[in-house]
Each structure stands twice: as C-alpha cells, then as structure tokens.
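Asks: Okay, here's the prediction I keep looking at, along with the sequence it came from:
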Amino acid sequence: MTLRFIGTTSEHGNCPTLYEVVETGDIVVQGDRLTDAEHLAQLRDVGEHETFVVIPRELLTRFAPKE
C-alpha cells in the first residue's frame, strides 16, 4: 500500500493529517484517538478491529477530495 500525503492543519508536524491510498483512492485519517467512554458508547456497529480518531472539521473542508 502506497500512501500519498494530502494535507494537515498541524503547525508542528503532529496530527491531524490526511493521506490517500494511491492504489484505491481510499483516505487514511491520522488524529488523536477517541478515548472518552461516553462518546465511544454512542458509536454504532463497531468492529473489534476498528478505532476512532478526532480531527478538526477544517482539515476535511480544506483537504478532503471533492470527488
């Protein structure tokens, strides 16, 4: 799998960041892990292999592909 950097709103090289999987066009999101138990309890259909990250809306509106 080859990742292509799309963009970040971080000023110091930390997350959040968006990447594209070159072979499929899928998007990979890097961000702070969601750990709040109350918030996690509100998520639906969670697989054991899944995790969740929090990213600012600005990151998506600035860099998410429009297609």
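Replies: Alright, I've got the coordinates. Numbering: from 1, shown residues only.
Asks: Just give me the neighbour total for residue 59.
Replies: 21 (other Cβ atoms under 10 Å). Placement of C-beta: from N, CA and C, glycine included.
Asks: Could you check how far the residue in the chain sticking out farthest from the centre is from residue 56?
Replies: The C-alpha centroid of the chain is most remote from residue 38, which lies 20.2 Å away (Cα atoms, centre = their mean). Per Cβ to Cβ, to the nearest Å, residue 38 is found 20 Å from residue 56.
Asks: Run through who's touching whichever helix or strand the residue farthest from the centre of the chain is part of.
Replies: With secondary structure defined by DSSP states H and E, residue 38 is part of helix 37-41. When contacts are defined by Cβ atoms under 8 Å, 6 or more residues apart in numbering, helix 37-41 is touched by residues 34, 52.
Asks: residues touching residue 32, list them.
Replies: Residue 32 neighbours (Cβ under 8 Å, 6+ apart): 15, 16, 53, 54.
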